[in-house]
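Student: Sequence and computational prediction follow.
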Amino acid sequence: MLFEFGFISPRWIWVALTIIFALIEVFTFGLTTIWFALAALVMVFLSFLKIPVPVQILIFLAISAVLFVFTRPLAIKKFKIGSEKTNVDSLIGKHALVIKKIGEFEKGEVKLNGQIWTAHTDGSAELAEGTKCEVIRIEGVQAIVRPLTEEN
């Protein structure tokens with residue numbers, strides 16, 4: 001055989017690659033090498049057929065590419081990889097309490113997650129002390145808020 005690996009059958013190389021790719025995925029969890037692990041696993045079973053090793057490699061690359069291109073976006077969406085809100089992005093949509101009046105042309109203060117933030121409204125609304133509001137965005141170190149209504 002052209003690609004004889006000594007005493008090692010190509011099937012065992014596919015098993016080893018399956019394990020290696022799976023371990024890399026376990027330690028990185030980037031949904032990248034899992035597709036290569038799955039393709040290598042398929043190749044373990046296909047290696048029982050009398051397919052030449054160069055053709056096996058091409059089949060492996062084709063399966064990997066198809067899995068990566070067509071299923072990775074679905075998996076990322078399902079598992080929400082990379083979409084976790086952090087820092088100030090996580091404050092958007094949260095409710096806050098006005099502790100210093102916010103006027104049409106003056107900034108006030110809100111208490112948000114136990115912290116005091118300088119705040120102003122998005123429009124011309126005035127918010128009195130004790131009013132509940134919702135954070136719609138963060139601009140620098142200021143929270144932009146709107147009054148909390150029944151719908152919010």
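Tutor: Looks like it arrived, so ask away. Residues are numbered from 1 along each chain as shown.

Student: Break down this structure into its helices, ranges please.
Tutor: Counting by DSSP state H, the chain has helices at residues 10-28, 34-46, 53-79.

Student: out of those, deepest packed?
Tutor: Among the helices of the chain, helix 34-46 has the highest mean neighbour count (mean count of other C-beta atoms under 10 Å), at a mean of 20. Quick note: C-beta positions are derived from backbone N, CA and C, even for glycine.

Student: and it, what other elements does it pack with?
Tutor: Helices and strands touching helix 34-46, by 3 or more C-beta pairs under 8 Å, 6 or more residues apart in numbering; DSSP states H and E, are helix 10-28, helix 53-79.

Student: tell me the angle of that helix relative to helix 53-79?
Tutor: 140 degrees (axes from the mean of the first three to the mean of the last three C-alpha atoms, to 10 degrees).

Student: Identify all contacting residues around helix 34-46.
Tutor: 11, 14-15, 17-18, 21-22, 25, 56, 59-61, 63-64, 67-68, 71-72 (C-beta atoms under 8 Å, 6 or more residues apart in numbering).

Student: With stretch 140-152 instead?
Tutor: 91, 95-96, 98, 102, 107, 110, 112, 117-123, 125, 127, 131-138.

Student: Swap in 10 Å and give it another go.
Tutor: Here stretch 140-152 makes contact (C-beta atoms under 10 Å, 6 or more residues apart in numbering) with 88, 91-98, 102, 107-110, 112, 115, 117-123, 125-127, 131-138.
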